[in-house]
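Student: Below are the sequence and a predicted model; questions follow.
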Amino acid sequence: MPNFSYFPHTDDDIRQMLERIGVKSLDDLYCDVPADYIYKGEYDLPEAMDEQQVREFFEAVAAKNPRMKVLVGAGAYDHYTPSVIPYITSRSEFITAYTPYQCEISQGTLRYIFEYQSMICALTGMDVSNASMYDGPTAAAEAMRMAVACAKKKNTVLISNGLLPHVREVIRTYAKYYGTTIEEIEMVEGRTSLESLKKFMESGDVAGAIVPGINRFGVIEDLTGFAEALHEQKAILVEYCDPSALAVTKTPAGWDADVAVGDGQPLGIPLCYGGPYVGFMACRKDYMRKLPGRIVGETVDGSGKRAFVLTLQAREQHIRREKATSNICSNESLMALWVTVYLSLMGPKGMQQVNDLSYAGAHELHDKLISTGKFEKAFDAPFLKEFVLKPLVDVKKLQQALREAGFLAAIETEEGLVSFCVTEKHLKDIDPLVDVIKAL
Amino acid sequence: MKYYDKLIFELSREGRTGYSLPKASASAAIPAELSRESALPLPEVSEVDVVRHYTNLSQMNFGVDTGFYPLGSCTMKYNPKINEEIANMPAFAGLHPLDDQLPGVDMVYDEMDKALAAITGMKHFTFKPCAGAHGELTGLMIMKQYHQNRGDLARTKVIVPDSAHGTNPASAAVCGFDIVEVKSNAAGLVDVEDLKPLLGPEIAGIMMTNPNTLGLFEKDIKEIAALVHECGGLLYYDGANMNPLLGMVRPGDMGFDIMHLNLHKTFSTPHGGGGPGSGPVGVCERLAHLLPADIQNRVPAIPGEEKVGSVSGFHGNFGIILRAYTYILMLGRENVKMAGKLATLGANYIKESLKDAYKLPIPTVCKHEFVFDGLIDDGSATGKHGATTLDVAKRLLDFGFHAPTIYFPLLFHQALMIEPTETESKETLDEFIDVMHKIAAEAAQDPDILHSAPHNAPISRPDETTAARKPILKYQDETL
């Protein structure tokens, strides 16, 4: 029998168990499978490794990847992660639990999700948050469906061209198969154009619009008039936000948005090549029963003690099956815990400080890059930690020089601009990066 | 488990800090009209407060590392610790998803693609889906795109068995399909005679899980595959129940065209309290070019044939993919052949050991899981209300076990779905069996013992009705 540490069975165990079942061999347990479906070949897999070999193997894999200093964002931001977070989120009671169906022995998970929901509402100003989604782009795609579900007969959703390309693509994919029409709102002077939105409204078929709070140029959007234009036709405003920036920028509630979505990654989640991250989604209370995903609520137990449960489940796929507006089952619970611990440690002052430092760093880099004479300003608009410039040098050469010096920076946008980002983690990298560019 | 009643907000004291950051020399100078309009109501707590608070919360949680977790259809197998160690290597944590020059990362995706293809008999996988339901949606998009590329636009319906996971019809609906339900027969299998008249030029395909949610192998799969293919449809395999077939049977060999795997089930990555998971989607050779494009360009597009677009932000949950790859390397060619068998052994052992006390509607050999339909003697003969499946589930918590999946599948009123997995010892299964017998005996004598369970958990049964009628969904909420 297998001498393998994940299988606890001895030969004697197997013999006794087969005896109780009344069959002679393990293969007899597959007597219901047509014989030609039993795979008789050798599986084309590597030979089993021991733990030490696995460690050495992955050290070699990791060594193939150059270690870069990351001074770009574009949807994944290299903020600092407090050491408490991995320590707490590694606790096996959190990691090895399932979705909290048995609430009596899942109060740990249910309580942190309730705290997470409260914190997302605090950041966005919304009334209700769900327990989390896969990532920001899929949360935006869910918001697209939510807009159509709220509007009933209207079937067009507007998306700002200022949303990151990977966000737009996921929305478009979901919309294509759901049967929703997507139109793209134009950018003017680095900002989402209200005039362009109004023009699309003339069709009378608009269910909602998804616009960024901070767009892919890093520009802080001015959404004055957006909600009004949409609400006139009972369409909803969805804001795609950077939750870290919401500590200092006007909230979705402040813009009178109906739904707020985005990616929780900037809240201390490591880059980890794009995942796992966590999508967040919150809305005004009027839309509470259209919100997809799990939601945790407070109640009391039989003896009056405060208790937390999964609630409003009548919205969900396991009850409504094909009538559900979303197929989402799991959330990204452990990453929601990650965000909750981060926001607990940071508090309002820490969040302010992260933004102050990132703002100062980004503006310093911006000004120093302009003064090299190798870039021009792209837009005259306020930004926070991320910005784009118009390059006056060859972009490929620029990127290559930066890469050789160990910097991942100057990612090219669809208009040929280059994008930079500075977080509090990379303040000391500003001058060395500028030196590389000066030497070009 | 002890009861701990704090929320982090209640520990807050103005002026306390839990962070350690460089000093800022100036405030972010954001124009007033674009600035946050109100104070940010987050707690102000110390680092110690945070560590103690979340440690206390964790102690009100039950995980696989706490004890046996026989939750049907969820495959709560042991989550190896080396998986965590590898996924948490700082060398992986710092990689930006738009860095396209990472040969080590490319290798992980390539090797995982090959390994999953070998295990399932599919040609290629996309790793973008972040969960099982997300994989289903992606797979159905591929199905729809396949028909669209052929100009076969009449195929608007997807067949889903009545025993299917709830995500199946929901995924098909959000992919813009209409759903046609096929019934199960008395043996708990898809009724081929009921299926036949449903097939035709409007059928895009069928979604099946095999073994199905009753833990039964759909032995007519060969005929079903032939019928569906004959009518021009495709077969989708819901990989949520793949574990008993691991190392034994390949969905590709059974005629499935598209499938997803739940890496957080079959490939031992932790469930994380409900995510993050990973739901890679595999397809047969003729559909491979429809998979969403990836940075490795493993399956290039064919000119004139539209691919499915991206379904998640970047490259799927890389951290989870690393864990599953670690598991596959530890398992290797040798041990993979035992995983499914031992899972099946455990399920049949429990089933045979408890059928004297719990109703077993379908007595045939099962795969990784099986379903009881409540107690044989629920105690109603005592004149009290009989004990239900919910009561049995709650009473199990008192004995240090997680409950099975309850009231699913919907085919039985008192469904109790048990899945032990291959990582549990005979001693653990024997303890569980003893406790289940004890609970059955309690029910027969005095069902009230079960009605009032759990007795030892941090809380007793909560008032879920009020929670839904008068929702309190955030700290200091007024009832919405």
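Tutor: Thanks, I have the structure now. Numbers count the residues shown, from 1 in each chain, chains lettered A, B, ... in the order given.
Student: Would you list the phi and psi of B:Ser184?
Tutor: The phi/psi pair for B:Ser184 (degrees, to the nearest 10) reads phi -90, psi 150.
Student: what do you get for A:Ile38?
Tutor: Dihedral angles for A:Ile38 - degrees, to the nearest 10 - are phi -70, psi 120.
Student: neighbours of B:Tyr293, just the number please.
Tutor: Just so we're on the same page, residue B:293 is Ala rather than Tyr. 17 (other Cβ atoms under 10 Å in any protein chain shown). C-beta here means a position set from N, CA and C on the backbone, and glycine is covered the same way.
Student: which residues does it contact?
Tutor: B:301, B:307, B:310 (Cβ atoms under 8 Å, 6 or more residues apart in numbering or on different chains).
Student: Please identify which of the residues you listed is nearest to chain A.
Tutor: Ranked by distance to chain A (Cβ to the nearest Cβ), the contacts of B:Ala293 are led by B:Ser310 at 4.5 Å.
Student: So that closest one is in contact with B:Lys128, correct?
Tutor: Yes: contact status for B:Ser310 versus B:Lys128: in contact at 6.5 Å, counting by Cβ atoms under 8 Å.
Student: Report the set of residues contacting both of those two.
Tutor: In terms of Cβ under 8 Å, 6+ apart, B:Ser310 and B:Lys128 are both contacted by the residues B:Pro292.
Student: Looking only at neighbour counts, state which of those two leads.
Tutor: Taking other Cβ under 10 Å, B:Ser310 and B:Lys128 do not tie; B:Lys128 has more neighbours (30 against 25).
Student: so residue 434 is in which element?
Tutor: Looking at chain A here, since you left the chain open. If you go by DSSP states H and E, A:Val434 is part of helix A:430-438.
Student: Hmm, no, I was thinking of chain B.
Tutor: helix B:426-445.
Student: Report the mean per-residue pLDDT for that helix.
Tutor: In this model, helix B:426-445 has an average pLDDT of 98.
Student: List the buried residues in the helix or strand just after it.
Tutor: Once the chain leaves helix B:426-445, the next helix or strand it forms, by DSSP H and E, is helix B:448-451. Within helix B:448-451, the residues scored as buried using 16 or more other Cβ atoms under 10 Å in any protein chain shown are B:448-451.
Student: tell me how far the helix holding B:Asp434 is from the chain's mean position?
Tutor: Offset of helix B:426-445 from its chain centre (Cα atoms, centre = their mean, to the nearest Å): 27 Å.
Student: just stretch A:125-144 next, same as before
Tutor: 9 Å.
Student: Looks to me like B:Ala467 is in a helix.
Tutor: Yes: assessed with DSSP: H, G, I helix; E, B strand; the rest coil, B:Ala467 lies in a helix.
Student: I'd like to know how many residues surround it.
Tutor: 25.
Student: Name all residues that make contact with it.
Tutor: A:297-299, A:309, A:311.
Student: again, 6 Å this time
Tutor: Neighbouring residues of B:Ala467 by Cβ atoms under 6 Å, 6 or more residues apart in numbering or on different chains: A:297, A:299, A:309, A:311.
Student: ok, back up a step: what lies in contact with the helix holding A:Val434?
Tutor: For helix A:430-438, contacts defined as Cβ under 6 Å, 6+ apart pick out A:364-365, A:368, A:372, A:374, A:401-402, A:405, A:407.
Student: do that again at 7 Å, thanks
Tutor: Under the contact criterion Cβ atoms under 7 Å, 6 or more residues apart in numbering or on different chains, helix A:430-438 has outside partners A:71, A:361, A:364-365, A:368-369, A:372, A:374, A:401-402, A:405, A:407, A:409, A:422.
Student: In strands only, show me these.
Tutor: Mapping those onto strands (DSSP state E) picks out A:Phe407.
Student: from the contacts of helix A:430-438, which single one is nearest B:Ser27?
Tutor: Ranked by distance to B:Ser27 (Cβ to Cβ), these are led by A:Gly361 at 13.7 Å.
Student: Can you give me the pLDDT of the closest one?
Tutor: Reported pLDDT at A:Gly361 in the predicted model: 98.
Student: what number of residues lie near it?
Tutor: So A:Gly361, with other Cβ under 10 Å, has 22 neighbours.
Student: what residues are up against it?
Tutor: Neighbour list for A:Gly361: A:422, A:426-427, A:430 [criterion: Cβ under 7 Å, 6+ apart].
Student: Point me to the helix or strand that includes the closest residue to B:Lys355 other than its chain neighbours.
Tutor: Excluding its sequence neighbours, the residue lying closest to B:Lys355 (Cβ to Cβ, 6 or more residues apart in numbering or on different chains) is B:Pro363, at 7.3 Å. Secondary structure assigned from DSSP H and E places B:Pro363 in neither a helix nor a strand.
Student: what separates B:Pro363 from B:Val371, distance-wise?
Tutor: Per Cβ to Cβ, to the nearest Å, B:Pro363 is found 11 Å from B:Val371.
Student: of those two, who's got more company?
Tutor: Higher neighbour count among B:Pro363 and B:Val371: B:Val371, with 29 against 10, using other Cβ under 10 Å.
Student: My guess is A:Ala378 contacts A:Lys390. True?
Tutor: Yes: applying Cβ atoms under 7 Å as the test, A:Ala378 and A:Lys390 come out as touching, 4.9 Å apart.
Student: that older thread, kindly reformat the contacts of B:Ala293 as a markdown table containing distance to chain A.
Tutor: Shown next, in a markdown table, are the contacts of B:Ala293 (distance: Cβ to the nearest Cβ, whole Å):
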| residue | distance to chain A |
| --- | --- |
| B:Ala301 | 15 |
| B:Lys307 | 10 |
| B:Ser310 | 5 |
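Student: got any ranges where the stretch 351-480 of chain B has weak pLDDT?
Tutor: Within the stretch 351-480 of chain B, the set of residues satisfying pLDDT under 70 comprises B:478-480.
Student: what about 90?
Tutor: In the predicted model of the stretch 351-480 of chain B, residues B:410-411, B:476-480 satisfy pLDDT under 90.
Student: near chain A at all, the helix ranked longest in chain B?
Tutor: The residue-count maximum for a helix in chain B (DSSP state H) belongs to helix B:318-354. Yes: under the criterion of Cβ under 7 Å from any Cβ of the partner chain, chain A is reached by helix B:318-354 at B:318-320, B:326, B:328-336, B:338, B:341-342, B:344-345, B:348-349, B:352-353.
Student: about what we covered before: out of the contacts of B:Ala293, the closest to B:Arg155 would be?
Tutor: Using Cβ to Cβ, B:Lys307 comes nearest to B:Arg155 of these, at 18.7 Å.
Student: now the residue nearest to B:Lys355: how far from chain A?
Tutor: Computed with Cβ to the nearest Cβ, to the nearest Å, the distance linking B:Pro363 and chain A is 11 Å.
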